Structures are given as structure tokens and as C-alpha cells.
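S.K.: Predicted model, plus sequence, below.
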Amino acid sequence: MSTVEISAQYIQHITPLVGAELPHFIAACQRPLRKSIRINTLTTDAQQWLSVSSAEKQTPVPWWPNAYWIEDDSSLASGNNKLHIQGAYYIQEASSMLPVAALLHDNQSPLPTQPLILDMAAAPGSKTTQLAAALDNQGCIIANELSSTRLKYLAANVQRMGVTNTCLTHFDGIKFGQYLPETFDAIILDAPCGGEGTVRKDPTALKNWNLPSVQEMAALQKRLIRSAFLSLKTGGVMIYSTCTLSKEENQDVCYSLMQEFGDLVEFESLATLFDGAERALTEEGFLHVFPQIFDSEGFFIAKIRKLGPTTKASELAKPYLKKFPFEPLPTKNQKPFFAYLNQQFGMKEAHISGSIWQRDKEIWLLPDSIKHLIGVIKFNRIGIKLADVYPKNYRLSYDFAIAFGHLAQRNRIELNQTDTKSYLMGKDIKIEDKSQMGEQILTSDQVAIGLGKCNKGKLKNQLPRELVKDKLNW
Ligand SMILES: C[S@@+](CC[C@H](N)C(=O)[O-])C[C@H]1O[C@@H](n2cnc3c(N)ncnc32)[C@H](O)[C@@H]1O
């Protein structure tokens, strides 16, 4: 028997929106949520992956390629799954894939080839990593999060998924309009919300529902959407999304922009986002996804274009002027590094897109468009470290191995299940081929898992200490 409790007050509140669908809505809220995953195409060949996972149990999600609903008993549903630890996929609710799909679905005004994008409320990173994968790590994503604890999950997911085009910031989202007006080609505001749509996962989500909490949340959302709109370039596009259902936190928030900025705001219809989208379409062209429509979580997605400039001089904030700790690595110093990558792994410079910078004795890869933001905002994490430089050699970073390991043509060792487990538990591994020397990219099921250093038949474990697992249940 289901333990979902829906307060009478909530039913009364939502009835005008759901209309005759109310019994289906209530029935859907009582059903457990289907689990879904998204394959990480940054580091994983989708076809290869399907062959190593239980492909026969998967149903494609119609609005995102390489995303599937999986059976409840699938081992893929566990974050402890080996392929999950390797970043081969992300456990992401299917409707939560809609905001990025909506952002990129544009026949008339596609994004520039190297877009600068803000993900204003980004943790734990499902949309940041989805977007990075769709952009194939091109362009630059600023992934912002207010909560320090959640920022750590965001950083871990960005690392796990081999994302290289993302920089993390740690601000209240309401600051962006002042800090960075007219800056971003696109913005995702996946706002903090009342979470009414999550009841199939969290049976208590609607138990203590009350209108004042909704109104309080809506007030914050209006400040955030305003900030996002100010921070958007003229001609730019933003997505406003929530996993809640009340119109106070959804339609009304979008209309608050129109009330303030009038003709500068255009709602773009999501009618053609995928076959069947019209079933969730509102008269404005938003998607209001009630859980019974696609048998998913409840979600709301609006696509908004900015048609003219908004910045007022009085709203500008002073730039952040602290010295930027990175400087471009001169080409003459890049050459030996790329020569090493080529000689050791057969990798080409062209495989590594972005700009090469240095910080002390470290080599870093930063997104190209970051130069527009240097000295303007403070970053919590920026691009990825590629390597430490020593007088006679380099030591590649774990982040490098995860992001680029799949490109290695040689000095790449495929670990079996037992050795993968040993590696993840921080142990050294015995290697049959004693001639193998130096840094090795380690893969498991052909997905990079880290680095090791070979010497006379012994593979020294180089997994960062904080990633070593005490136990693994497989
Ligand atoms: C719906 S969640 C975001 C989920 C995320 N986009 C994803 O797909 O994984 C909303 C996030 O907003 C953060 N948040 C709350 N208030 C914020 C604010 N004022 N500025 C920025 N982030 C905020 C919350 O901590 C939470 O992580």
C-alpha cells in the first residue's frame, strides 16, 4: 500500500490547474517513480555502453538521446554501480532532462558555437553535466550554487563525468544581474522550489503543504529570474524550470518578468520540443508536466528570450579585482607537454579544446571564453588541472585521465572486474606485461577510471585519496 499523503489543502489548491485530470493526477502521485539514466557521451561510447549494461531492460526517453528508463531492479539504479562511479552515466529523472533539451531546441536562433552559459542554481549538477555533454565540452558553463555543501556534490559530479568546460561559482544567484549584466548567451535557472512534483520519490512532499511557503518561495524565484534576465545578453535565451506544480512558482514567476520588462520579454513555445509535447503545453508555450502525463516527476519549463538591453548604470557592481592566479602557458612550454601526450598515449593537441594556462608548477585547461570573466567574478573551481610539471617529466592529473583517457591509443590498460575493484579501493595491481613502463591510462569496460604508473610488472595506484572506497558491494 502507498504511504503518500496529500493534504486536502493542496488538492483544493491544485484542482483548478489539473481540472478533470485530478483522479489521474492523484493516482500518479501514489505510484513509485520510474528510474531513468542518461549515458555520459563525453567519455562513453553509447553503443559500447549498451552492450555492457543490461540493454534489454531499457526504454528510451523521447526527449533526450541516450537516456533511458530502467527497470527498478536494475543494478544501474545504484550510485555504487561500477559504471556510475566511472561517470559512464548519470541517474537523472527523465523530466529533469527537459530544461536542457528546451534550451538547445532552437531552429531559428541557435546558440553561438562557443556559448557562455550560466547555470544559476546548479547543484548537484544533473543539468550542468547534461549540457556539457550536449556541447561536447565546447563553450563555457558557469555553474553556480549557493549552498557550500551542495557545491561539493556539484564539483564531484563535474569531475566524475569528465566535464572540462565548466567553472564553479558560489554566489547568491540574485547577484548575477549586478555582477555580470548582459553577459551570457544563455542561462538555466532551475530554481529552488516547493518540490510538489517530487512526491513520487518523496512521499512526504505534499503532506504539510501550505500556501505561505509557496508564496515565500515565489518571492525568491522572482528575484532570481530578474537577476538572470539582467545577466542575459540581448538576443539571449533562458530556461526557467522547477520541479513544482503551483502556478505561483511557475507561470506567475515568468509573468513577473513581463510586468517589469514588457516587450523585452518573449515566451518561446516548446510545442515542438518532442512528439507529444503538446500534451503538457500551456497557452504561453510553457511545459507544465503533471506526473500522469508522461509517467514522470512533475516539472515546469519555460523558455524566455530577451529582445532588448536592460542594464541600468545604477545596478552595476564593481568588478572583483583580486589577482587571477593563472597565466597563459607560453606556446614554447606547451609543446613539450603535448609531445609527451603524443609519445606516451598517441594523443593529439587537437583533442584538447580550450586554453592552456599555468598556475605555479601546474598545467590547466580553461574554457576559452573565461577571459571575459577574469577579474569580474570569483571562481570556486575553474576548468581542470591537466598535470603537475616536474624538472624531467609530468605527472598527469586524475581529472585529465577521466576527461581524455578514452582517447589514449597506447599505454592504456583495460582492467578486469577484480582489478577494477582493487584499484578503486586504492590497491596496487600486478601486471603481466613487464615491459610496460610509465604513466598508464586505466579503463574498465573501456571507460577511463584513472591513472597508474607501471614499473617492472607493478601498477602503482594513483587514485586520489579522497576517491578511494572502503568497500564496494559488487
Ligand atoms: C532545483 S535545485 C537545482 C538542481 C540542479 N539544477 C540539477 O539539475 O542538478 C535548486 C538549487 O538552488 C540552490 N539555491 C537556493 N537558493 C539559491 C540562490 N539564492 N542562489 C543560487 N542557488 C540557490 C539550492 O541549494 C539547490 O541546489
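M.R.: Noted; the coordinates are in hand. If you're wondering where the values come from, they're calculated on a predicted model, not measured in any experiment.
S.K.: low pLDDT regions in this protein?
M.R.: 1-2, 52-57, 107, 312-316 (pLDDT under 70).
S.K.: May I ask you to name the longest strand in it?
M.R.: Longest strand in the chain by number of residues (criterion: DSSP state E): strand 232-242.
S.K.: Toward the C-terminus, what is the element adjacent to it?
M.R.: helix 251-261 (DSSP states H and E).
S.K.: distance between that next one and the chain's centre?
M.R.: 27 Å (C-alpha atoms, centre = their mean, to the nearest Å).
S.K.: Buried residues, it. List them.
M.R.: 251, 253-257, 261 (16 or more other C-beta atoms under 10 Å). C-beta: built from backbone N, CA, C; applies to glycine.
S.K.: Okay, buried residues for the helix or strand following it please.
M.R.: Where DSSP H and E defines the elements, the next helix or strand beyond helix 251-261 is strand 265-268. Across strand 265-268, burial judged by 16+ other C-beta under 10 Å covers 265, 267-268.
S.K.: what about strand 265-268, distance to the chain center?
M.R.: Its chain's average C-alpha position is 25 Å from that of strand 265-268, according to C-alpha atoms, centre = their mean.
S.K.: Which elements pack onto the helix or strand following that strand?
M.R.: Using DSSP H and E, the helix or strand that follows strand 265-268 in sequence is strand 287-289. Packing contacts for strand 287-289, counted by 3 or more C-beta pairs under 8 Å, 6 or more residues apart in numbering; DSSP states H and E, involve helix 98-104, strand 299-306.
S.K.: Run through who's touching the first one.
M.R.: Among residues not part of helix 98-104, those counted as contacts by C-beta atoms under 8 Å, 6 or more residues apart in numbering are 63-64, 111, 127, 130-131, 134, 186, 188, 190, 237, 239, 241, 270, 273-274, 287, 289, 299, 301, 303.
S.K.: which of these are close to the ligand?
M.R.: 127, 190 (C-beta under 6 Å from any ligand atom).
S.K.: Name only those of the contacts of helix 98-104 that count as buried.
M.R.: Of the contacts of helix 98-104, these count as buried by 16+ other C-beta under 10 Å: 63-64, 111, 127, 130-131, 134, 186, 188, 190, 237, 239, 241, 270, 273-274, 287, 289, 299, 301, 303.
S.K.: residues in the protein within reach of the ligand, list them.
M.R.: Checking the chain against the ligand by C-beta under 6 Å from any ligand atom, the hits are 96, 120-127, 144-147, 150, 172-174, 190, 192.
S.K.: Put the buried members of those into a PyMOL selection.
M.R.: To isolate the buried members of the residues of the chain next to the ligand in PyMOL, using 16+ other C-beta under 10 Å:
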select buried, resi 96+120+121+122+123+124+125+126+127+144+145+146+150+173+174+190+192
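S.K.: So which of the residues of the chain next to the ligand belong to helices?
M.R.: 126-127, 150 (DSSP state H).
S.K.: could I get those as CSV with distance to residue 81?
M.R.: CSV is the format used below for these (distance: C-beta to C-beta, whole Å):
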residue, distance to residue 81
126, 17
127, 21
150, 22
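S.K.: neighbours of residue 48, just the number please.
M.R.: 15 (other C-beta atoms under 10 Å).
S.K.: Which residue is the nearest non-sequential neighbour of it?
M.R.: Of all residues not flanking residue 48 in the chain, residue 446 sits nearest, at 5.8 Å (C-beta to C-beta, 6 or more residues apart in numbering).
S.K.: got it, and residue 245?
M.R.: Using C-beta to C-beta, 6+ apart, the closest residue to residue 245 is residue 196 (4.4 Å).
S.K.: is it true that the one you found touches residue 209?
M.R.: Yes. Using C-beta atoms under 8 Å, residue 196 makes contact with residue 209 at a distance of 7.2 Å.
S.K.: quick one, which of these two is more surrounded?
M.R.: residue 196 (26 against 22).
S.K.: Count residues in the vicinity of the closest residue to residue 367 other than its chain neighbours, would you?
M.R.: Among residues not flanking residue 367 along the chain, residue 140 sits closest, at 3.5 Å (C-beta to C-beta, 6+ apart). Other residues within reach of residue 140, judged by other C-beta under 10 Å, total 28.
S.K.: Also the one 3 residues further on?
M.R.: For residue 143, the tally of surrounding residues (other C-beta under 10 Å) stands at 30.
S.K.: Which single residue in the stretch 251-400 of the chain comes nearest to the ligand?
M.R.: Going by C-beta to the nearest ligand atom, the ligand is nearest to residue 299 of the stretch 251-400 of the chain, at 10.4 Å.
S.K.: quick one: contacts for that residue?
M.R.: Taking C-beta under 8 Å, 6+ apart, we find residue 299 in contact with 95-96, 98, 197, 241-243, 287, 289.
S.K.: does residue 10 sit in a helix, a strand or a coil?
M.R.: Under DSSP: H, G, I helix; E, B strand; the rest coil, the three-state class of residue 10 is helix.
S.K.: Can you say which helix or strand has the residue nearest to it when sequence neighbours are not counted in it?
M.R.: Nearest non-adjacent residue to residue 10, counting by C-beta to C-beta, 6+ apart: residue 209, 4.1 Å away. Using DSSP H and E, residue 209 falls within no helix or strand.
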